[in-house]
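*Asks:* I'll drop the sequence and a predicted model, then ask my questions.
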Amino acid sequence: MNTRGWKEVAVAVALVCLAATGCTDTTVQPKSTVSSGNIFSDPASYLAFLAKIYAGLALSGQIGPFGDPDIQGIDEGFGQYLRLYWEMQELPTDEAVIAWTDVGLPEMNTQLWTSLSTMVVAMYYRIFVQVSLANEFLRQTTDAVLDSRGVTGTLRTQIHQYRAEVRFLRALSYWHGIDLFGSIPLVTERDPVGATPPKQAARDSIYRYVVSELTAIQGQLPAPSASTYGHATGPAASMLLAEVYLNAGVYTGTPQWPQAMAAVQAVINSGYYSLDSSWLHLFQADNNTSPEMIFPIIQDGVTTQTAGGVTFLVHAACGNTMDPAAYGIDGCWFGLRLKPEAYDNYAAGDTRTSYFWTDGQTVAVTDILDFSTGIAAPKFRNTTSTGAPGSNSTFVDTDFPLFRLGEAYLIYAEAFLRGGGGTQAQALAYVNALRERAYGGTSGDITAAQLTLPFVLAERGRELLWEAHRRTDLIRYGLFTGGSYVWSWKGGTQAGTATPPFRDLYPLPASELVANPNLKQNPGY
């Protein structure tokens, strides 16, 4: 498969009938167009089904940007996986605010959501659509089933690799599930189709399942190469393990810093990745050529058209006096800006601020609905590193860097500082490598004495701004809720106010509690 080949079949794949899922509200079930009895008569269907599961992170439905959505009850563009995940990770934090009043969005800016909030509900169902697709693929590719279809040779070997990739994608969504919602149903391919509503599994139980799955598949995943760009690879599984271990104390009450260190060292020592010489290149339309990308969510203006994903990030961050053509797009959506705390987190000389747009903008967000309040931050753009526009001025070519080497360096530093092993010299070298790229030299270097946990959190905010990590980071540091750190519009006031700790978790959808009597709502909701 070429570097973007899976997208060519993603929007056309026919889905097998899916019934067993972690969500029981029938209005959001994945759709079916054919039965499993005929879809797999074509050997290419296995690759097409795999493509659909990857595409579930990038697309909103089955025929492009609009017309046949995977989930119901929400505008198709608003209901796209990456867009929802990004909003839940960024809007309630000190990094971003959105001006729009669409149902379910305003409360995301302020941590005032409920179990009825549209974005919260849609994200829950998005997770379980992915899990359902993965489970069905695994049911349809057991050795017994492949024997019954006479699948042998090269195709069978390839399907075994596909199964490992699908298990990675399922583990990814289960990580998102326990990070956002805590205790949720654990449904696998071993659960019978059409069974009774699934039971709720403890957060730490699903954590252990994710760890066991990622550990089991690492040797079965492909090695990183140009031809496996966008696929789950061995280092991608190690990176996901590092993320899960990094937050183990939150998920289970027992930190796993040595395990986080070991996992991230496996990524760094894989020898395939290196820091991109240009930080901005990571967010441009040709970022698929970056040596830093470990696992991207692939976007393409022709073959992955969606109003969500990076298309949303590029258009929504543009407005006021900005020229959309400078960002390779045909119009601005006047939505996303920085909260002042994020803007103030950078120092003079840090070139990571070079994309900020200050003309006609105020630092303070005095009015959430006014795009001119808050510094604009068009970090993602639909132009290449040479300034050429993307292939389509509406839908972008820019991939989303879900995992990249720069974050691996920061995980190493944090795991070291928390007692996970490694050396101070190496941690300092990794952090200063990022800062030397940011400052164009050594003027931003820090000393060993300056390498502290608060510094690493602040540096994560600078290096990984708007890359969908901030909520998880603030929770790990004990700062997302409560009053020890407040920021603009936290709790619903411009100055910010303390929020109760139960908001470290999102609520389970009210509709799901009605449909599945086995579920218990998260405390506080």
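*Replies:* Cool, the structure landed.
*Asks:* quick one, what contacts residue 88?
*Replies:* 108, 119-120, 123, 180, 471, 506 (CB atoms under 8 Å, 6 or more residues apart in numbering). Quick note: C-beta positions are derived from backbone N, CA and C, even for glycine.
*Asks:* should've said residue 235
*Replies:* 224, 266-267, 270, 272-273, 294 are the contacts of residue 235 under CB under 8 Å, 6+ apart.
*Asks:* look at the nearest residue to residue 101 once chain neighbours are set aside and give its secondary structure.
*Replies:* Nearest-residue entry for residue 101: residue 369, 6.8 Å, with adjacent residues in sequence omitted and distances by CB to CB, 6 or more residues apart in numbering. Classification of residue 369 by DSSP: H, G, I helix; E, B strand; the rest coil places it in coil.
*Asks:* what's the distance between residue 369 and residue 340?
*Replies:* Applying CB to CB, to the nearest Å, the value for residue 369 to residue 340 is 17 Å.
*Asks:* the more surrounded of these two?
*Replies:* Counted by other CB atoms under 10 Å, residue 369 and residue 340 do not tie: residue 340 has more neighbours, with 19 against 12.
*Asks:* so which bits of stretch 147-165 are buried?
*Replies:* 151, 156, 158-159, 161-165 (16 or more other CB atoms under 10 Å).
*Asks:* stretch 458-471 too?
*Replies:* Applying 16+ other CB under 10 Å to stretch 458-471 flags 459-471 as buried.
*Asks:* got CSV for those residues, with secondary structure too?
*Replies:* Output for the buried residues of stretch 458-471, formatted as CSV (three-state DSSP):
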residue, secondary structure
459, helix
460, helix
461, helix
462, helix
463, helix
464, coil
465, coil
466, coil
467, coil
468, coil
469, coil
470, helix
471, helix
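*Asks:* same list, these, but as JSON lines with pLDDT and distance to residue 242 please.
*Replies:* Shown next, in JSON lines, are the buried residues of stretch 458-471 (pLDDT from 0 to 100; distance: CB to CB, whole Å):
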{"residue": "459", "pLDDT": "99", "distance to residue 242": "17"}
{"residue": "460", "pLDDT": "99", "distance to residue 242": "14"}
{"residue": "461", "pLDDT": "98", "distance to residue 242": "19"}
{"residue": "462", "pLDDT": "98", "distance to residue 242": "20"}
{"residue": "463", "pLDDT": "98", "distance to residue 242": "16"}
{"residue": "464", "pLDDT": "99", "distance to residue 242": "14"}
{"residue": "465", "pLDDT": "98", "distance to residue 242": "20"}
{"residue": "466", "pLDDT": "98", "distance to residue 242": "21"}
{"residue": "467", "pLDDT": "98", "distance to residue 242": "15"}
{"residue": "468", "pLDDT": "98", "distance to residue 242": "16"}
{"residue": "469", "pLDDT": "98", "distance to residue 242": "12"}
{"residue": "470", "pLDDT": "99", "distance to residue 242": "18"}
{"residue": "471", "pLDDT": "99", "distance to residue 242": "18"}
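*Asks:* show me where pLDDT drops low in this structure?
*Replies:* Residue ranges of the chain with pLDDT under 70: 1-38, 195.
*Asks:* one more time with 80
*Replies:* Within the chain, the stretches with pLDDT under 80 are 1-39, 63-64, 66-67, 194-195.
*Asks:* name the helices or strands packed onto the longest helix seen in it?
*Replies:* What stands out as the longest helix in the chain, according to DSSP state H, is helix 153-181. Judged by 3 or more CB pairs under 8 Å, 6 or more residues apart in numbering; DSSP states H and E, helix 153-181 is in contact with helix 44-55, helix 118-139, helix 203-217, helix 234-246.
*Asks:* same list, those helices, but as CSV with distance to residue 447 please.
*Replies:* Putting the helices and strands packed on helix 153-181 into CSV (distance: least, CB to CB, whole Å) gives the following:
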stretch, distance to residue 447
helix 44-55, 43
helix 118-139, 41
helix 203-217, 36
helix 234-246, 25
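*Asks:* to residue 322, which of those lies closest?
*Replies:* For the helices and strands packed on helix 153-181, the distance to residue 322 is smallest for helix 118-139, at 25.5 Å, taking CB to CB.
*Asks:* give the next helix or strand downstream of that closest one.
*Replies:* helix 143-148 (DSSP states H and E).
*Asks:* any idea where the strands of the stretch 351-500 of the chain begin and end?
*Replies:* Along the stretch 351-500 of the chain, the segments classed as strands by DSSP state E, counting those that start in this stretch run 400-404.
*Asks:* and residue 370, how many neighbours does it have?
*Replies:* Counted with other CB under 10 Å, residues neighbouring residue 370 total 14.
*Asks:* and the closest residue to residue 435 other than its chain neighbours, how far from residue 342?
*Replies:* With sequence-adjacent residues excluded and distances taken as CB to CB, 6+ apart, residue 435 is closest to residue 444, at 4.1 Å. According to CB to CB, residue 444 stands 18 Å off from residue 342.
*Asks:* equivalent analysis for residue 415, please.
*Replies:* Here the criterion is CB to CB. By it, residue 415 lies 24 Å from residue 342.
*Asks:* ok, residue 414 next?
*Replies:* Remark: distance between residue 414 and residue 342 (CB to CB) = 19 Å.
*Asks:* same thing with residue 379?
*Replies:* According to CB to CB, residue 379 and residue 342 sit 11 Å apart.
*Asks:* same check on residue 425?
*Replies:* Taking CB to CB as the criterion, residue 425 is separated from residue 342 by 30 Å.
*Asks:* neighbour-wise, which of these two wins?
*Replies:* Between residue 425 and residue 342, counting by other CB under 10 Å, residue 342 is the more crowded of the two (25 against 10).
*Asks:* part of a strand, is the more buried one?
*Replies:* No - Residue 342 is assigned helix when assessed by three-state DSSP, not a strand.
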